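*Asks:* below are the sequence and a predicted model; questions follow.
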Amino acid sequence: MARRPYHSVAIPVKLQDPVEVILKEKGREVYSITSGGTVYEALVMMEERQVGALLVMDDSELVGILSERDYARKVILAGRSSKKMMVREIMSSPVISVQLKTTVDECMQHMTDGRCRHLPVLEGDRVVGLVSLGDLVNWVMTKQDRRINDLEGYISGDYPG
């Protein structure tokens, strides 16, 4: 009798943790610039803060987001000057955002659908944090590591309870 080849079956992992738990671990610090700032000023700030995106805030209102991708596509590839351009000229707007209770799965779906890598987190209309694709992937990997360790402990008899 011929052996059947092994086929792995993808078992979807639902991550129902709200995004607020990620913010509790990573912090809620958000870097922003006004829409009237120059793209060059924004790039300097991104480099200093070691981030890939800045929220664009006029007073306390979220009006856009500026990412490295925006810069690459709308300035460099267009042959324009970042020192003369205003943030409002290249920022992405309207901004896809989520609320504190939005789940990790939902955040990932928003990023996929919107083709974005950063999501501002709001409480009502107020910005309270920002999560990146890297933050979400790190959270998923951490959750999977915990599950694996729990299962290994259960199998070996070390599982409490």
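*Replies:* Structure received. Residues are numbered from 1 along each chain as shown.
*Asks:* could you report the separation of residue 105 from residue 81?
*Replies:* Residue 105 sits 41 Å away from residue 81, going by Cβ to Cβ, to the nearest Å. To be clear about C-beta, it is placed using only N, CA and C from the backbone, and glycine gets the same treatment.
*Asks:* more neighbours: those two, which one.
*Replies:* residue 105 (16 against 10; other Cβ atoms under 10 Å).
*Asks:* look at the most centrally placed residue in the chain and report its pLDDT.
*Replies:* In the chain, the C-alpha closest to the average C-alpha coordinate belongs to residue 132, at a distance of 1.7 Å (Cα atoms, centre = their mean). Residue 132 carries a pLDDT value of 94.
*Asks:* swap in the one 3 residues further on?
*Replies:* At residue 135 the predicted local distance difference test score is 93.
*Asks:* change the start of the numbering to 351 and stick with it
*Replies:* All right, first residue 351 from here; so that's residue 485.
*Asks:* what kind of secondary structure is it in?
*Replies:* Secondary structure state of residue 485, per DSSP: H, G, I helix; E, B strand; the rest coil, is helix.
*Asks:* what sits closest to the residue nearest to the centre of the chain if chain neighbours are left out?
*Replies:* residue 468 (5.2 Å; Cβ to Cβ, 6 or more residues apart in numbering).
*Asks:* before we move on, the earlier item: how about the residue nearest to the centre of the chain, what does it touch?
*Replies:* If you count contacts by Cβ atoms under 8 Å, 6 or more residues apart in numbering, residue 482 has them with 402, 403, 467, 468, 469.
*Asks:* which among those count as buried?
*Replies:* 403, 467, 468, 469 (16 or more other Cβ atoms under 10 Å).
*Asks:* for beta bridges, what are the partners of the last one?
*Replies:* Partner residues in beta bridges with residue 469, using DSSP bridges, are residue 481.
*Asks:* how near is the nearest residue to residue 467 once chain neighbours are set aside to residue 474?
*Replies:* Closest residue to residue 467 apart from its sequence neighbours, by Cβ to Cβ, 6+ apart: residue 483 at 4.5 Å. Distance of residue 483 to residue 474, computed by Cβ to Cβ: 25 Å.
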